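what follows is a protein structure lacking sequence information:
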């Protein structure tokens, strides 16, 4: 029995020695095999650091929007460049911002982002940024312009690349396929001292001049990286012309730009390919001199055009270094006239929420259309600031403690536009500091409403620090900021009713509640002349035309009327002349005019003269018929 146990023990000991030797041999095979000895990537080796620096996240790629070279913004992101909204979904879309900046020769370019955004750091860690202040604070941690950083931007791996990894503890091996810089960086970063990683050769790299070079060992790889890593410009400038290439040769001009398949809202464009010493990156398509879209193709379908509208198209070629060609030949196209003349309904219930020092969120109810609503134009104080296909829009780039009035207009594919939505007034939050609001302005009053002006007065407000001025509102819309307790509102329409209010503001931007409301109606001025003014002055245009309550003045925009002493009327719309007659009946306050223009029936009526008014720079004459029909002509004659 003892002999059997002894023999068993000897057998177990022998097997353990064999296994240990076998394991040791497996490790030696990985480390010292002639096929692998020049492919081992060790955790602390020079070549490992070089690979990691190539794979480091290059934050300078989007300096044009974040002015920081140690992180980039995660896409997609919406930016406003020189007042134009751009959705950036790829690095190529950054060229849209650059092209917008190049449209102006004045170096006052401005870009803001719709927050929150996510920043991706050099090690691919992600950080949420909620506003401009957090963005600037993170940017302060980066190196400045013309300062060295660790990342190598002059050379890139051509993916995929593959590693074989052997763990000396578990004695397990596996193959790892790397598809991009982020995966490569994290793979090298996470290599443990127990891992033996063998890079599978051959490996191909892309140099800064777009050429490719293949290496077959770590020694060749290290020599190549060291020899070319400083071959390009890595100053990481914050200007939009920054690039890491030494190429200065421009692509050739795109030739033979032509248009075809012209529709109501679209047209096909095509052109001959440009040539470049390295390669054309993309083409910029311009409409009426403004950048519209980027494409890598030599043809594109331009959609979302307005029907019956003249457009001028041009194309520019650009290479990866940012060099641009000369402008192509110009092609002028007039889209087909649309049969759709029905405007969308007016967007209603425009509201704001989540207002901060620099942003506010707008929402509204969807408009309807006989065919389809294609989008909404968003206006800030009457100026277009963006377009969206949604019923929500985030406005950014606002100033703290500032009042704004926003409206929205719906549009369809034929170019028809709705009336403006209800206005919504927004005052952005104040900066940190004084938070006490001024008192409400009291006793707002109106006077001198005989002519087309009104004088407003109110009692001064008080504040714990001091009042800097007052916002004046007319019908709920901000019209003026004044520093006194009086204001004259000019250019009001006769027989129209207006509501006024004011609010006080202090130096920190804190606002009082609105004052009492004052409602006034501007009375017509006494008659200063009769219908003879129609013939003594010429080139009358339609300022107002309402029939049965429908507003028609936009239909006749651009029509010029001339009245002659023989009782004839000539109307010219820019291409066609229409003829008619007019007859005066009565004098003084009872004057009437009968207008007959067979081809323009909207004017055919016996009109009552309401008033003739002389302004400093123009004259106008207004007629009515009952309460539903109104006609007003205007001329620069005075």
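Here it is on my side, so go on. These figures come from a predicted structure and were not determined experimentally. Numbers count the residues shown, from 1 in each chain.

and stretch 335-353, how far from the chain's centre?
Its chain's C-alpha centre and that of stretch 335-353 lie 21 Å apart, by CA atoms, centre = their mean, to the nearest Å.

got it, and stretch 181-196?
For stretch 181-196 - counting by CA atoms, centre = their mean - the centre lies 39 Å from the chain centre.

got the domain ranges for this structure?
Using automatic domain parsing, the domain parsing of the chain gives 57-139, 258-334, 351-427, 445-521, 533-635.

what's the closest of the ones you listed to residue 229?
Comparing the domains of the chain against residue 229 with CB to CB, the closest turns out to be domain 57-139 (13.4 Å). From N, CA and C alone the C-beta is placed, and that goes for glycine too.

mind checking which helix or strand the residue nearest the centre of the chain is in?
Geometric centre of the chain, nearest residue: residue 85, 0.6 Å, by CA atoms, centre = their mean. Counting by DSSP states H and E, the element that carries residue 85 is strand 84-88.

report all helices and strands that the helix or strand following that strand contacts.
Helices and strands here follow DSSP H and E; after strand 84-88, the next one along the chain is helix 94-102. If you count contacts as 3 or more CB pairs under 8 Å, 6 or more residues apart in numbering; DSSP states H and E, helix 94-102 packs onto helix 63-66, strand 77-81, strand 84-88, strand 280-287, strand 290-295.

downstream of helix 94-102, the next helix or strand is which one?
Sequence order places strand 111-113 as the next helix or strand after helix 94-102, per DSSP H and E.

name the surrounding residues that touch stretch 124-136.
57, 66, 68, 71, 74, 112-113, 115-121, 138, 182, 185-186, 356-359 (CB atoms under 8 Å, 6 or more residues apart in numbering).

tell me the bridge partners for residue 622.
Here residue 622 sits in beta bridges with residue 611, residue 632, going by DSSP bridges.

how far away is it from residue 631?
7 Å (CB to CB, to the nearest Å).

ok, residue 253 next?
Applying CB to CB, the value for residue 253 to residue 631 is 54 Å.

looking at these two, which has the bigger crowd around it?
Taking other CB atoms under 10 Å, residue 253 and residue 631 do not tie; residue 631 has more neighbours (25 against 17).

hmm, residue 623 and that one touching each other?
Yes - proximity of residue 631 to residue 623 meets the contact threshold set by CB atoms under 8 Å, at 4.5 Å.

returning to what we had before: who does the residue nearest to the centre of the chain form a beta bridge with?
Beta-bridge partners recorded for residue 85 (DSSP bridges): residue 80.

would you confirm that it contacts residue 78?
Yes - using CB under 8 Å, residue 85 is in contact with residue 78, at 6.5 Å.

the host helix or strand of residue 583: partners in the sheet, and parallel or antiparallel?
Remark: residue 583 resides in strand 577-585, with elements defined by DSSP H and E. Paired neighbours of strand 577-585 in the sheet (DSSP bridges): strand 568-572 (antiparallel), strand 592-596 (antiparallel).

buried residues in the helix or strand containing residue 225?
Per DSSP H and E: residue 225 is located in helix 218-228. Using 16 or more other CB atoms under 10 Å as the burial criterion, the residues of helix 218-228 that qualify are 218, 220, 221, 222, 224, 225, 228.

pick out whichever of those residues sits closest to residue 609.
Distances from residue 609 to these, taken as CB to CB, are shortest for residue 228 (85.5 Å).

could you double-check that that closest one lies in contact with residue 155?
Yes - counting by CB under 8 Å, residue 228 touches residue 155, with 5.5 Å between them.

and for those two, which residues touch both?
207, 208.

what ranges do the helices span in the stretch 301-450 of the chain?
When assigned using DSSP state H, counting those that start in this stretch, the stretch 301-450 of the chain turns out to have no helices.

actually, the stretch 51-200 of the chain.
63-66, 94-102, 132-139, 181-189.

quickly compare the ones you listed and say which is most buried.
Among these, ranked by average contacts under mean count of other CB atoms under 10 Å, first place goes to helix 63-66 (a mean of 23).

gap between it and the chain center?
On the basis of CA atoms, centre = their mean, helix 63-66 is displaced by 14 Å from the centre of the chain it belongs to.

any idea of the mean pLDDT in that helix?
Averaging pLDDT along helix 63-66 yields 80.

not counting sequence-adjacent ones, nearest residue to residue 340?
Distance criterion CB to CB, 6 or more residues apart in numbering; nearest residue to residue 340, sequence neighbours excluded, is residue 414 at 4.1 Å.

picking that back up, which of the contacts of stretch 124-136 are buried, as a PyMOL select command?
In PyMOL, this line selects whichever of the contacts of stretch 124-136 come out buried by 16+ other CB under 10 Å:
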select buried, resi 57+66+68+71+112+113+115+117+119+120+121+138+185+356+357+358+359
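
that older thread, and the domains of the chain as TSV, adding distance to residue 199?
Converted to TSV, the domains of the chain look like this (distance: least, CB to CB, whole Å):
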stretch	distance to residue 199
domain 57-139	21
domain 258-334	27
domain 351-427	45
domain 445-521	59
domain 533-635	70
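
mean pLDDT for the ones you listed: which is lowest?
Within the domains of the chain, confidence is poorest for domain 57-139, with a mean of 80 (mean pLDDT).

which helix or which strand is home to residue 297?
Residue-wise, residue 297 maps onto no helix or strand under DSSP H and E.

stretch 359-366: end-to-end distance?
For stretch 359-366, the first-to-last residue distance is 22 Å (CA to CA, to the nearest Å).
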